[in-house]
Every structure is written in structure tokens, then in C-alpha cells.
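Chemist: sequence and predicted structure, then a few things I'm wondering about:
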Amino acid sequence: AMAQAALGAAGLHLDELSKLRVLEPGVAQQTAQLREECRAFLHKIAEFQKIVGSLIELVDQLAKAAESEKMKAIGARNLLKSIAKQREAQEQQLQALIAEKKTQLERYRVEYETLCKIEADQNEFIDQFIFQK
């Protein structure tokens, strides 16, 4: 015990295997325990980083997929707009064609009425000519 006290005064200690140590056995044990806890903590941090990394990757993939879908939707909307404009233009063309045909029909109607009148006049003339004979 006196030898231990003398060693202790010199800052040296004997462990449970009677090996000479600079640290007290209790401090050495606490240091080893702290080292193990640090290792476990570092391991958990590494696991956490892996999980966060895969989560970030997943979020990136989802963002890309969302962006892609957004672009598709914009493309579809633009296509619909252009189709609607084409339909509108076609409708205007058809309306113009209808107006043109109505005008033509009216011309033909007037022409037909005129021809009917001429025919009636000629028939009347023929009838009078025949009765005169």
C-alpha cells in the first residue's frame, strides 16, 4: 500500500494486472468507456448520414419527376391551345364559305326567277303566235 502511495505521488498507478500506468485505473476505464461511446456515436452519425443521403436522393428524384410531369402538362396545355386556335380559324373559314355560298345561292335564285319569267313570256308569245295562225 505504501508503494502504491509512493507511485501515486509520482503520478503512476498499478492496474488490476499490476501493470504500471500513468492514469488511475478508474480514469483509464472511464477513458476506454468514453472511447467506446464515441465510436458508437460516430457509427450512429454515419448511419444517419446514409439515411439523410438516401432521403435527399429520393427527394431529388421526386423533384425531377414532378418537373417532368409539369413540362408534360404545359406541353399538353399548349397543344390544346393551338388546337383550339386551329378550330377557331377553321370555323371562321367555314363561316366565310357559308356566307359566300349564301350569296351565290341568292344570285342563282334571282337568276332562276328571271329565267322563269322569260320562259313564261316566251310561252305566252308562242301561244299567241299559234292562236294567230
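Modeler: Happy to help now that I have it. Numbers count the residues shown, from 1 in each chain.

Chemist: lowest average confidence, helix or strand, in the protein?
Modeler: The helix or strand of the chain with the poorest confidence is strand 20-21; it has a mean of 64 (mean pLDDT, DSSP states H and E).

Chemist: and for A99, the neighbour number?
Modeler: Neighbour count for A99, taken as other Cβ atoms under 10 Å: 10. Quick note: C-beta positions are derived from backbone N, CA and C, even for glycine.

Chemist: per-residue confidence at L23?
Modeler: You'll see L23 listed with a pLDDT of 62.

Chemist: other SSEs contacting the helix or strand hosting Y112?
Modeler: Using DSSP states H and E, Y112 sits within helix 25-132. Helix 25-132 is packed against no helix or strand, with contacts defined by 3 or more Cβ pairs under 8 Å, 6 or more residues apart in numbering; DSSP states H and E.

Chemist: how close does R39 get to E124?
Modeler: In this view, R39 and E124 are 126 Å apart by Cβ to Cβ, to the nearest Å.

Chemist: now swap in Q104 and tell me
Modeler: 30 Å.

Chemist: what do you get for L94?
Modeler: 44 Å.

Chemist: could you do I130 as well?
Modeler: The separation that I130 has from E124, given Cβ to Cβ, amounts to 11 Å.

Chemist: tell me where the model's unsure across this protein.
Modeler: 7-8, 11-12, 14-17, 20-25, 133 (pLDDT under 70).

Chemist: at 90 what do you get?
Modeler: Where the chain drops to pLDDT under 90, the residues are 1-32, 131-133.
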